[in-house]
Structures are given as structure tokens and as C-alpha cells.
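Asker: Pasted the sequence and its predicted model underneath.
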Amino acid sequence: MLIQRVETLVETIRAASPTYLVSTPRMWEEVYALFSRRVNQEENCRGEKEKENDFLAETPRAVVMRRFKDALGSRLQQITSGGAALSPQVYFFS
């Protein structure tokens, strides 16, 4: 399956509903960058009062990670990277 853009990756994974997913480090770096942008957007959407008053609320990272995992579906059991080394932040991303 060929992925044209990283933005459509999650939709493509959801449609395929795989149990095992393999890709190159470059693709996982793009997924991590997309994830980071979404966390920043989530942080920017929260108001200062909400940040101060709702200390039990999910962090922006937790909100985005939950959405990301939900979007991948319940069948995905393993993600593998091959072909080159991953950066530490991408490796420990989950």
C-alpha cells in the first residue's frame, strides 16, 4: 500500500485495519512531526484559565495520543521500523 501524504496515513491505516505495520524511519519521523504539531495545536486551544483550574484534565499530549491510538483501530498489535536507526524521541514516542 502506497501512502501519498502523512496526513492521510492514519485514515489509510484505519481503512486497512492491519495487525502489523512496517515502515521506514522517515515515515515514522513524519508521523511524529504530525503528532507534535497536533499537540501544539491542542495546547494553543486551551485557555490559561482552563490550564490553571483543571489540573486533573488530560494533558494535550494525552488527548492527541488517545485520538491517535483510537484512529489506528483495535487490531494493530505491533509497529516496526526498518532500514535505518530511529531517533530516540521517535523510538520512545508511544
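Answerer: Thanks, I have the structure now.
Asker: does residue 84 count as helix, strand or coil?
Answerer: Put simply, residue 84 is coil when judged by DSSP: H, G, I helix; E, B strand; the rest coil.
Asker: Which helix runs longest in this protein?
Answerer: The residue-count maximum for a helix in the chain (DSSP state H) belongs to helix 25-45.
Asker: what's that helix in contact with?
Answerer: 3, 6-7, 9, 60-61, 63-65, 67-68, 79, 81, 83-87, 89-90, 93 (CB atoms under 8 Å, 6 or more residues apart in numbering). Where you see a C-beta, it was placed from the backbone N, CA and C, and this is true even at glycine.
Asker: when you check these against the helices, which ones overlap?
Answerer: 9, 60, 61, 63, 64, 65, 67, 68, 89, 90.
Asker: Could you dump those into a markdown table and include distance to residue 36, pLDDT and neighbour count?
Answerer: Below are those laid out as a markdown table (distance: CB to CB, whole Å; pLDDT from 0 to 100; neighbours: other CB atoms under 10 Å):
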| residue | distance to residue 36 | pLDDT | neighbour count |
| --- | --- | --- | --- |
| 9 | 15 | 75 | 19 |
| 60 | 11 | 77 | 18 |
| 61 | 9 | 78 | 14 |
| 63 | 14 | 78 | 17 |
| 64 | 9 | 75 | 21 |
| 65 | 11 | 76 | 17 |
| 67 | 14 | 78 | 14 |
| 68 | 11 | 76 | 16 |
| 89 | 9 | 85 | 10 |
| 90 | 10 | 84 | 17 |
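Asker: I'd like to know how many residues surround residue 87.
Answerer: 12 (other CB atoms under 10 Å).
Asker: same deal with the one 5 residues further on?
Answerer: Residue 92 is flanked by 8 other residues according to other CB under 10 Å.
Asker: which residues sit in contact with it?
Answerer: Applying CB under 8 Å, 6+ apart, no residues contact residue 92.
Asker: how much space between it and residue 28?
Answerer: As for residue 92, its distance to residue 28 is 12 Å (criterion: CB to CB, to the nearest Å).
Asker: quick one: least confident helix or strand in this protein?
Answerer: Lowest mean confidence among the helices and strands of the chain (mean pLDDT, DSSP states H and E): helix 48-53, at a mean of 58.
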